[in-house]
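# Need a 3D model of the following:
(one chain, ligands or ions: 2)
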Amino acid sequence: METIILAAGKGTRMKSKLPKVLHKVSGKPMLEHVIDAAKSAGSTREVVVIGSGAELVKKTFSEVEFVMQEEQLGTGHAVLCAKEKFANSTGTVMILCGDTPLFTGELLKNLIDAHEKFNAAATVLTAIMPNPKGYGRIIRADNVDFEKIVEDKDANFEQQKIREVNTGIYCFNVQKLFDALEKVTNDNAQGEYYLPDVLEILRAEGGKICAVVAEDYRQTLGINSRIQLAEAEKILRQRKNAELMLSGVTIIDPATTYIDFDVEVGQDTIIYPNTYLEGKTKIGADCVIGPSVRFTNMIVGDNVTAQFSYCHDAEISDGVTFGPYVHVRPNTKISANVKIGNFVEIKNSNIGEGTKLPHLQYIGDTDLGAGCNIGCGTITVNYDGKQKYRTKIGDGVFIGCNSNLVAPVNVEDGAYIAAGSTITEDVPKNNLAIARARQVNKNSWKDKRG
Ligand code: UD1
Ligand code: CA
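Numbering: from 1, shown residues only. Ligands and ions are numbered 1, 2, ... in the order given. Model (predicted):
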């Protein structure tokens, strides 16, 4: 199965610097949703027609082929640009639009099955839209057999009332498609070469045209504006939440839970409101996440408890508890059963098993061992204004409150650091380091001052 995906349009109605098909829905570019659905329906080759913002689109995708459409003269012209790539193809080609990201692979599979079962020259997926404005309308002879598609801008008053629309999703006999495309003209309201005109041409030549109605119009919505982008986002959000709940995840309030398409969550995890699970985040079983947690590209184990926190591009192992108000930044690995309290920031660091960071720490560029107790207000001083340095702390280290560890510095296993120390030199194993001025009490100082 081969697929052509149209993605060369400017996306004028988005009013954006970014090509339309790169706008994200549910955490990934809409074009990626389309490519993924095609692959899951059994497509083995995807040819993407690009034009506006072509370089950026090319950079974003690696596993597809590209064809340039230098001037955007319409969807029919766009497909024609791919003609050479299909010179040796036979059988069925699927055509999809890069701005229709809501359908599943299953929907495409059903369309392909119908197309092949009826041995059609072309099959178009249609949908009954509550608001058909902007879509091409399906004209059926005597309300039964497919006759043609009339674009919104070309439709007369009566045709505009039709709610059955062209979804822009088709299967074609590949050689019939390219032959018919040569005959398409641009004699219409937009002066464009319309792909849907091919259907009328093939029909006139005696080809069989199937128009299959989608069960759920919400899978076929096209995105032309940011209002439609937000509608698509909402549909995918509801679908994702429903999928997770059906697989055994508790979501306290789906209306305020934002989980991206590719996120995975394990069984019996409970998600509290106002939580965002984004990108490629994977969460294990039996966790309690939220309220108000944002995880972006996080790998999280089982039995993790997190609230009111933001963590991105990092790994958290089983049994870790943290929050409120924790910021975990990229390249951080937190081992099992670590306890992190409130107002803690960790960056580019490894935290050993069972270590406690209960309150108000900054841990940056640090390898921190297992079973340590890090006092309130501890800071790794990792930056001298020019360069960053690492701090190394062994296992079973106790650091008193309000200490500074000036990197590069090495605190060996079992060492103690007295509260309020500013450590600038290595501390050997099992030593106590005190690095602060001794206290002086001035006897009766107040009386003498007068
Ligand atoms: C198109 C269909 C319409 C259908 C709707 C479904 C045509 C003429 N109209 O309308 O019947 O109801 O989709 O969503 O096909 N593109 C190119 N090159 C071009 C023009 C467009 O690659 O020269 C691409 C766009 O990037 C986009 C897709 O084709 O991904 C559809 O184009 P768009 O302008 O959005 O068409 P619609 O007006 O939505
Ligand atoms: Ca469109």
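# show me where the stretch 101-250 of the chain has strands.
Assigned by DSSP state E, counting those that start in this stretch, the strands in the stretch 101-250 of the chain fall at 122-128, 137-141, 145-150, 164-173, 209-213, 250-251.
# For residue 78, which of the ones you listed is the nearest?
Across the strands of the stretch 101-250 of the chain, residue 78 has its closest neighbour in strand 164-173 (11.4 Å, Cβ to Cβ). Every C-beta, even on glycine, is put in place using the N, C-alpha and C of the backbone.
# angle of the closest one against strand 209-213?
Compare the direction of strand 164-173 with that of strand 209-213 by axes from the mean of the first three to the mean of the last three Cα atoms, to 10 degrees and you get 130 degrees.
# who's in contact with strand 164-173?
Taking Cβ atoms under 8 Å, 6 or more residues apart in numbering as the criterion, the residues outside strand 164-173 that touch it are 6, 75, 91-97, 100, 103, 108, 111-112, 115, 120-129, 132, 135-138, 140, 149, 195-196, 198, 207, 213-214, 220, 222.
# ok, now with 7 Å
With Cβ atoms under 7 Å, 6 or more residues apart in numbering as the contact definition, strand 164-173 has outside contacts at 92-97, 100, 103, 111-112, 115, 121-129, 132, 135-138, 149, 196, 214, 220, 222.
# Equivalent analysis for stretch 241-261, please.
26-28, 236-237, 240, 265, 267-279.
# Generate a PyMOL selection restricted to the buried subset of the residues you listed.
Buried members of the contacts of stretch 241-261 can be picked out in PyMOL with the line below, counting by 16 or more other Cβ atoms under 10 Å:
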select buried, resi 26+27+28+236+237+240+265+269+271+272+274+275+276+277+278+279
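# Can you pull the residues of the stretch 101-250 of the chain lying near ligand 1?
Counting by Cβ under 6 Å from any ligand atom, the residues of the stretch 101-250 of the chain lying close to ligand 1 are 135-136, 149, 151, 165-168, 194-196, 222, 224.
# Include distance to residue 306, mean neighbour count and mean pLDDT when you put the strands of the stretch 101-250 of the chain into JSON lines, please.
Listed next are the strands of the stretch 101-250 of the chain as JSON lines, based on distance: least, Cβ to Cβ, whole Å; neighbours: other Cβ atoms under 10 Å; pLDDT from 0 to 100:
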{"stretch": "strand 122-128", "distance to residue 306": "40", "mean neighbour count": "24", "mean pLDDT": "98"}
{"stretch": "strand 137-141", "distance to residue 306": "50", "mean neighbour count": "18", "mean pLDDT": "96"}
{"stretch": "strand 145-150", "distance to residue 306": "51", "mean neighbour count": "19", "mean pLDDT": "96"}
{"stretch": "strand 164-173", "distance to residue 306": "40", "mean neighbour count": "24", "mean pLDDT": "98"}
{"stretch": "strand 209-213", "distance to residue 306": "45", "mean neighbour count": "19", "mean pLDDT": "97"}
{"stretch": "strand 250-251", "distance to residue 306": "15", "mean neighbour count": "18", "mean pLDDT": "98"}
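# Distance to ligand 2 for those strands - can I get that in a markdown table?
Written out in a markdown table, the entries for the strands of the stretch 101-250 of the chain read as follows (distance: least, Cβ to the ion, whole Å):
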| stretch | distance to ligand 2 |
| --- | --- |
| strand 122-128 | 13 |
| strand 137-141 | 14 |
| strand 145-150 | 14 |
| strand 164-173 | 7 |
| strand 209-213 | 19 |
| strand 250-251 | 32 |
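# Any chance of the ones you listed in JSON lines with distance to residue 324 as columns?
Below are these laid out as JSON lines (distance: least, Cβ to Cβ, whole Å):
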{"stretch": "strand 122-128", "distance to residue 324": "45"}
{"stretch": "strand 137-141", "distance to residue 324": "54"}
{"stretch": "strand 145-150", "distance to residue 324": "55"}
{"stretch": "strand 164-173", "distance to residue 324": "46"}
{"stretch": "strand 209-213", "distance to residue 324": "50"}
{"stretch": "strand 250-251", "distance to residue 324": "20"}
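# wait, which of the ones you listed is closest to residue 17?
Residue 17 sits nearest to strand 164-173 of all these, at 24.3 Å, using Cβ to Cβ.
# In strands only, show me the contacts of stretch 241-261.
Those of the contacts of stretch 241-261 mapping onto strands are 28, 265, 270-271, 275-278, per DSSP state E.
# Select, from those residues, the two members most distant in space.
Pairwise distances among those were taken by Cβ to Cβ; the largest, 25.8 Å, belongs to 28 and 270.
# burial of the residue of the chain at minimum distance from ligand 1, as a residue count?
Among the residues of the chain, residue 136 lies nearest to ligand 1; the distance is 2.3 Å by Cβ to the nearest ligand atom. Neighbour count of residue 136, defined by other Cβ atoms under 10 Å: 26.
# need the contact list for it.
Taking Cβ under 7 Å, 6+ apart as the contact definition, residue 136 lies against 149-152, 165-166, 196.
# What residues does the chain have near ligand 2?
If contacts are counted using Cβ under 5 Å from the ion, the residues of the chain sitting beside ligand 2 are 99, 222, 224.
# how about residue 36, secondary structure?
For residue 36, the secondary structure call by DSSP: H, G, I helix; E, B strand; the rest coil comes out as helix.
# Break the chain into its domains for me.
In terms of domains, the chain is parsed into 2-220, 248-433 (source: automatic domain parsing).
# quick one: which of those is nearest residue 229?
By Cβ to Cβ (comparing all of the domains of the chain), the closest turns out to be domain 2-220, at 6.1 Å.
# Backbone dihedrals for the closest residue to ligand 2 within the stretch 351-450 of the chain, please?
Ligand 2 sits closest to residue 364 of the stretch 351-450 of the chain, with a gap of 46.5 Å, by Cβ to the ion. Phi and psi for residue 364, reported as degrees, to the nearest 10, are phi -130, psi 140.
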